[in-house]
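# Next input, structure requested:
(one chain, ligands or ions: 2)
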Amino acid sequence: SEHEVEPMVADFPKIIAHRGANDRFNESTISAYKIAAEDGVDALEIDLRMTADGSLVAMHDKTIDRTTNGTGEVSNFDLKEIKEIPTVDVFGNQSTVEEIPMLKEILDTFKDSEYYYIETRLVNDRLVMEVPLVELLNKYDLIAKDLVTIQSFSEESLEKIHELAPEVPLTLLFGKGKFSLKVAKSVDYPFIGMEASDVTLKNVNELHRQGKEVHVFFNDMKSEKAEQERVKLLHVDGYFTNDIRFTKQLLWEE
Ligand code: G3P
Ligand code: CA
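Ligands and ions are numbered 1, 2, ... in the order given. Take a look at the predicted model:
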């Protein structure tokens, strides 16, 4: 009724392309991000790793084993070396040979035509990504244009980003099974990220009451569709989707 208090939620949930359109092309490659952009998503999700010589590249895992033809830790390769190792499609789809992109190359490709949802992490327990990342984002004028959110499982990293660029919206991520409502409520960030299985009505409502948005990621591909349907009913605000077409259909249907 008109007397009900309106919860503070986003106008329409955000569709965040997790590692690009990773269901249709090698994850975290320029082509995967292009497909996502063509689909019309709200944000491109990008995980960062740092090479031995300090370049930021788009890669989820610590090692290149799962997503390329090679093996070893990203941090043990120089950029030139890692560029020579082709990515692969983890689902075995046929795909053209494509290299690991530097973050800079992704920004060069899309410039200010896309919204970037970038994940930072500590590198061997050290805060080394934050300064070069903010410099790069400023070089492309993305912070001033409000085209970026930074997410991290590391509060320390988020604090560093906040120090360097106070205007950037931040997301504190909680790993599967590690969600703490107490911690989530105690931080001063606009967005909270959690795994689908941690999304409950209580968690969502309490965060909404504080004006925070809930952005959900899906660790288990087998249950992802069912979980997206479930969390839709709880009115979450963002989907780190691994199936853009499914999520669009889900959100747009009555
Ligand atoms: O960034 C949201 C989600 O991607 C966090 O999990 O492990 O897929 O980076 P992960
Ligand atoms: Ca991520």
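# Skipping adjacent residues, who's closest to the one residue in the chain that gets nearest to ligand 1 in space?
Of all residues in the chain, the one sitting closest to ligand 1 is residue 217 (3.7 Å; C-beta to the nearest ligand atom). (C-beta placed from N, C-alpha, C; glycine too.) Closest residue to residue 217 apart from its sequence neighbours, by C-beta to C-beta, 6 or more residues apart in numbering: residue 240 at 3.9 Å.
# quick one: which helix or strand includes the one you found?
Taking DSSP states H and E as the criterion, residue 240 maps to strand 238-241.
# Does that strand reach ligand 1?
Yes - using C-beta under 6 Å from any ligand atom, strand 238-241 comes into contact with ligand 1 via residue 240.
# Could you point out the helix or strand that follows that strand?
Taking DSSP H and E, what comes next after strand 238-241 is helix 244-252.
# Residues of the stretch 1-150 of the chain that sit close to ligand 1?
18, 45, 47, 60, 119.
# List just the nearest of those to residue 163.
Nearest to residue 163 out of these is residue 119 (C-beta to C-beta; 18.1 Å).
# Now the closest one: which helix or strand?
Take DSSP H and E as the rule and residue 119 turns out to sit in strand 116-120.
# residue ranges with poor pLDDT in the stretch 151-254 of the chain?
254 (pLDDT under 70).
# The spatially closest residue to residue 237 that is not a sequence neighbour and residue 191, how far apart?
Counting by C-beta to C-beta, 6+ apart, residue 237 lies nearest to residue 213, which is 3.7 Å off, once chain neighbours are set aside. Between residue 213 and residue 191 the computed distance is 5 Å (C-beta to C-beta, to the nearest Å).
# Could you pull out the residues contacting both of the two?
Residues touching both residue 213 and residue 191 (C-beta atoms under 8 Å, 6 or more residues apart in numbering) are 237, 238.
# for the residue lying closest to residue 100 once chain neighbours are set aside, helix, strand, or coil?
Residue nearest to residue 100 in three dimensions, not counting chain neighbours: residue 57, with 5.2 Å by C-beta to C-beta, 6+ apart. For residue 57, the secondary-structure state derived from DSSP: H, G, I helix; E, B strand; the rest coil is strand.
# pretty sure residue 57 is touching residue 48, no?
Yes - assessed by C-beta atoms under 8 Å, residue 57 is found in contact with residue 48 at 7.3 Å.
# if we can go back for a sec, the residue of the chain closest to ligand 1 bridge partners, please.
Here residue 217 shows beta-bridge partners residue 195, residue 240, assigned using DSSP bridges.
# can you pull out the helices in the stretch 1-150 of the chain?
Secondary structure of the stretch 1-150 of the chain (DSSP state H, counting those that start in this stretch): helices at 30-39, 79-83, 103-110, 130-139.
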